[in-house]
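Enquirer: Test case, fold it:
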Amino acid sequence: MNIIETLKADYQRFPDNQTYSIYTPDVFFKDPLNKFNGLWRYKLMIKFIDTFFLNCKMDLHNISQHSDTIKMEWTLNWNTPLPWKPHVAINGWSELKLNAEGLICSHIDYWNTSRLDVIKQHFRFH
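Expert: The predicted structure follows:
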C-alpha cells in the first residue's frame, strides 16, 4: 500500500489503529496548540485524542502529493466530555514532508478555525 492510500485509511478510522510505521522516529509535529519532535510524543497526542474526545471523526476532503510534500484538507469533529457534550469542529489542512526513504519527517497542521472559535464552540447551547 502506498503512503497516500495508507493516510486515507488512517483518516477513515482516526484516531484508532493509526499506521505509525510511516513516520520517522524523530518526526516533527506542529499545530496551533502543540509543537514537538518524536514519534512517541505523536503517539501520546493521538492516545489523548482517542481517550478524551468523544465520537471523534476525521473527514478527509482532499489529499495530493507533489514531490516530497503531501497536502491534506480535512475536518476534525468530536464531542467534548463536558456534561452538555458540545460538538466541536475544526477545518484545516496538513502539510507532510517525506524524507529520502519516503517516511513522514514533518507533519504541520493549519487550522481555518481560530483557537478562540474552538473554545466558543464548547459554549453554544441549543
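Enquirer: Give the next helix or strand downstream of the top helix by length along the chain.
Expert: In the chain, assigned by DSSP state H, the helix with the most residues is helix 39-52. Beyond helix 39-52 in the direction of the C-terminus, DSSP states H and E gives the next helix or strand as strand 54-66.
Enquirer: Helix 39-52 and that following strand, what's the angle between them?
Expert: With axes from the mean of the first three to the mean of the last three C-alpha atoms, to 10 degrees as the criterion, the two stretches strand 54-66 and helix 39-52 enclose an angle of 140 degrees.
Enquirer: mind saving the C-alpha coords of the longest helix of the chain as CSV?
Expert: Coordinates of the C-alpha atoms in helix 39-52 are reproduced here as CSV (Å, rounded to 0.1, in the frame of the first residue of the first chain):
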residue,chain,number,x,y,z
LEU,A,39,7.1,9.6,17.3
TRP,A,40,6.5,8.7,21.0
ARG,A,41,5.0,12.2,21.6
TYR,A,42,2.9,11.9,18.4
LYS,A,43,1.5,8.6,19.6
LEU,A,44,0.8,10.2,23.0
MET,A,45,-1.2,13.0,21.4
ILE,A,46,-3.3,10.5,19.3
LYS,A,47,-3.9,8.5,22.5
PHE,A,48,-5.0,11.7,24.3
ILE,A,49,-7.5,12.4,21.4
ASP,A,50,-8.7,8.8,21.5
THR,A,51,-9.2,8.9,25.3
PHE,A,52,-10.8,12.3,25.8
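Enquirer: got the contact list for it?
Expert: Helix 39-52 is contacted from outside by 15-16, 18, 20, 23-27, 29, 34, 36, 56, 78, 81, 107, using C-beta atoms under 8 Å, 6 or more residues apart in numbering. Yep, even glycine has a C-beta here, placed from its N, CA and C like the rest.
Enquirer: go again using 7 Å as the cut-off
Expert: Applying C-beta atoms under 7 Å, 6 or more residues apart in numbering, the set of residues contacting helix 39-52 from outside is 15, 16, 18, 20, 23, 25, 27, 29, 34, 56, 81.
Enquirer: got CSV for the residues you listed, with distance to residue 88 too?
Expert: Conversion of these to CSV gives the following (distance: C-beta to C-beta, whole Å):
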residue, distance to residue 88
15, 15
16, 19
18, 20
20, 25
23, 26
25, 31
27, 25
29, 20
34, 17
56, 10
81, 11
